[in-house]
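Visitor: just a sequence and a predicted model for now, questions to come.
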Amino acid sequence: MNAQETVEVAPGAFHLPGFLPEPDQRRVLAAVEAIAAGPAGFYRPRVRGGGMMHCDMLCLGRHWNAMTYTYEPVRADYDDRPAPPLPADLARLAESAAAVAGYGLAPDICLVNRYGRDGRMGLHQDKDEDASALEAGVPVVSLSLGDTARFLLGGLRRREPAAAIALRSGDAFVMGGPSRLRYHGVARIFAGSGPAALGLDGRISLTYRQFALARPRGRVGSLRSREAPQSHALRRRLLDPHEC
Ligand SMILES: O=C(O)CCC(=O)C(=O)O
């Protein structure tokens, strides 16, 4: 992990540019591709309004049902296959990113999103996890691979303005504490902007969640907990809507 600088872009929301060095990005991509080649690979979800999402998904640990907005063991809205498990080494990456931002996290779900050049995701809240995790502010952590995304970070209400942040290959983004329920989305993908060495056409994001607060883990959901490594410089910066 080599985040040179952790930027708190809003209270409880942290951007970790360059968190994953390129060799690690290649390993993560290979792990995702290996799972995707199995019986329950990427698919294009249909949402409850009837439309299709603008990215493919692969749910690990638990399946997120796009019709019911609930988590379940099998892909009931698609092919009834069990969701592949979340490998421990992939989970550990999210734990480390959360720790850099000062959070405890025991991820048991990872939604892998695959965006083509026209890929996007509308503004939404991640609020389908158990109330225990939401109320404690247990963070959602994302890792980005491939092409840069114009990520939008809004407020706690849909009509609040959203600021744009460029999420590049290897970046992590941590949204917890008072930012756990912020609206967010992906406005666009900058085609061809990813590292050539990765050989990825488009973008893949891994977004990790902890479904429930099964056991207290120190000050889960609080910022700058004592367990967090302090080796990365922390900078606070107002969001610049023109950054990306
Ligand atoms: O792809 C991203 O960076 C965001 C994904 C996201 O918002 C989600 O999975 O809820």
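Guide: Received, thanks.
Visitor: so where's the longest helix in the protein?
Guide: Secondary structure of the chain per DSSP state H: the longest helix is helix 22-36.
Visitor: quick one: that one near the ligand?
Guide: No - using CB under 6 Å from any ligand atom, helix 22-36 stays clear of the ligand, coming no nearer than 13.2 Å. C-beta: built from backbone N, CA, C; applies to glycine.
Visitor: do the same with stretch 185-192
Guide: Yes - using CB under 6 Å from any ligand atom, stretch 185-192 comes into contact with the ligand via Val186.
Visitor: partner residues bridging the residue of the chain found nearest the ligand?
Guide: In the chain, the residue that lies nearest the ligand is Ser205 (3.3 Å; CB to the nearest ligand atom). Note on Ser205: beta-bridge partners by DSSP bridges are Asn113, Ser144.
Visitor: next, the angle helix 22-36 makes with the helix or strand following the longest helix of the chain.
Guide: Counting by DSSP states H and E, the next helix or strand C-terminal to helix 22-36 is strand 56-60. Comparing the axes of strand 56-60 and helix 22-36 via axes from the mean of the first three to the mean of the last three CA atoms, to 10 degrees yields an angle of 90 degrees.
Visitor: which elements pack onto strand 56-60?
Guide: Counting contacts by 3 or more CB pairs under 8 Å, 6 or more residues apart in numbering; DSSP states H and E, strand 56-60 packs against helix 22-36, strand 109-115.
Visitor: number of residues surrounding the closest residue in space to Ala162 that isn't next to it in sequence?
Guide: Closest residue in space to Ala162, ignoring its immediate chain neighbours: Gly154 at 3.7 Å, by CB to CB, 6 or more residues apart in numbering. Using other CB atoms under 10 Å, Gly154 has 19 neighbouring residues.
Visitor: report the contact partners of Arg209.
Guide: Pro107, Asp108, Ile109, Cys110, Leu111, Asp126, Glu129, Ala133, Val138, Val140 (CB atoms under 8 Å, 6 or more residues apart in numbering).
Visitor: need the residues of the chain near the ligand, please.
Guide: Leu111, Asn113, Met121, Asp126, Ser142, Ala149, Phe151, Leu167, His184, Val186, Ser205, Thr207.
Visitor: who does the third one bridge with?
Guide: It stands for Met121. Here Met121, judged by DSSP bridges, has bridge partners Val186.
Visitor: pull out the buried residues from stretch 159-178.
Guide: Under the neighbour-count criterion of 16 or more other CB atoms under 10 Å, stretch 159-178 has 162-177 buried.
Visitor: check stretch 186-200 too.
Guide: Result for stretch 186-200 [16+ other CB under 10 Å]: buried residues Val186, Arg188, Ile189, Ala191, Gly194, Pro195, Leu198, Leu200.
Visitor: mind listing what Arg46 touches?
Guide: Met52, Met53, Ala66, Met67, Asp77 are the contacts of Arg46 under CB under 8 Å, 6+ apart.
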